[in-house]
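S.K.: Turn this into a structure:
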Amino acid sequence: MALKYLLTAKIYHRNKLLVEASNKYKTCPLQHYYKSNGWSTSTHAEVAVVDKYLKIQQTSYIKGRKLLPSLKDCLLMITRKTRKGEYAIAKPCDGCTRLIRDYGLTSQYSMENGYHEL
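M.R.: Below you'll find the model as predicted:
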């Protein structure tokens, strides 16, 4: 089953792309905690990118080096494209907004007329 649209979330630090992820049907434990409704079975792009970031960060700590900065020092960019390739509104749901605030991320999301801060 194809997705209706592609939501992509990217984490930047000092204009350098660190991690990128998209929405997907497979779920993860972090999505279960931050779901905005009781029946959500897919992983939102915002959750996927933070989950990926945390896994990379945890691996780097195990190996004894800090590869990634704190999420509080990063920018989260969220974009949404329709099947036709057009940009559309990508404002995070309530659960993803909680995730963004809990991790102290600065975030921007796409609208038809540019980016807006959360």
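S.K.: okay, CA-based contacts and neighbour counts for the rest of this
M.R.: Will do.
S.K.: contacting residues around I100?
M.R.: Going by CA atoms under 8 Å, 6 or more residues apart in numbering, I100 touches E46, T106, S107.
S.K.: what lines up beside the strand or helix carrying Y12 in the sheet?
M.R.: For Y12, the host element (DSSP states H and E) is strand 5-13. In the sheet, strand 5-13 lines up against strand 16-22 (antiparallel), strand 75-82 (antiparallel) (DSSP bridges).
S.K.: which residues sit against it?
M.R.: So strand 5-13 is in contact with 17-23, 44-46, 49, 69, 73-83, 90, going by CA under 8 Å, 6+ apart.
S.K.: Among the residues you listed, the buried ones, what's the PyMOL command?
M.R.: Listed next is the PyMOL selection for buried residues among those, using 16 or more other CA atoms under 10 Å:
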select buried, resi 19+20+21+22+23+44+45+46+49+74+75+76+77+78+79+80+81+90
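S.K.: Surely L76 touches R101?
M.R.: No - in terms of CA atoms under 8 Å, L76 does not count as a neighbour of R101; the distance is 11.3 Å.
S.K.: can you give me the helices for the protein?
M.R.: Assigned helices in the chain, in chain order: 29-34, 45-62, 94-102 (criterion: DSSP state H).
S.K.: Can you point out the buried residues in the shortest one?
M.R.: Applying a neighbour-count criterion of 16+ other CA under 10 Å, one finds Q31, H32, Y34 buried in helix 29-34.
S.K.: And the residues you listed, which is closest to S60?
M.R.: Q31 (22.8 Å; CA to CA).
S.K.: mind listing what the closest one touches?
M.R.: By CA under 8 Å, 6+ apart, the contact list for Q31 reads S42, T43, H44, V47, A48.
S.K.: which residue is nearest the centroid of the chain?
M.R.: Residue closest to the average C-alpha location in the chain (CA atoms, centre = their mean): E46, at 2.0 Å.
S.K.: close enough to count as contact, that one and G95?
M.R.: No - the criterion here is CA under 8 Å, and E46 misses it with G95 at 9.8 Å.
S.K.: Who does T43 form a beta bridge with?
M.R.: Applying DSSP bridges, one finds that T43 bridges with K24.
S.K.: 37 is where my numbering starts, stick with that
M.R.: Taking 37 as the first residue, the last one we looked at is T79.
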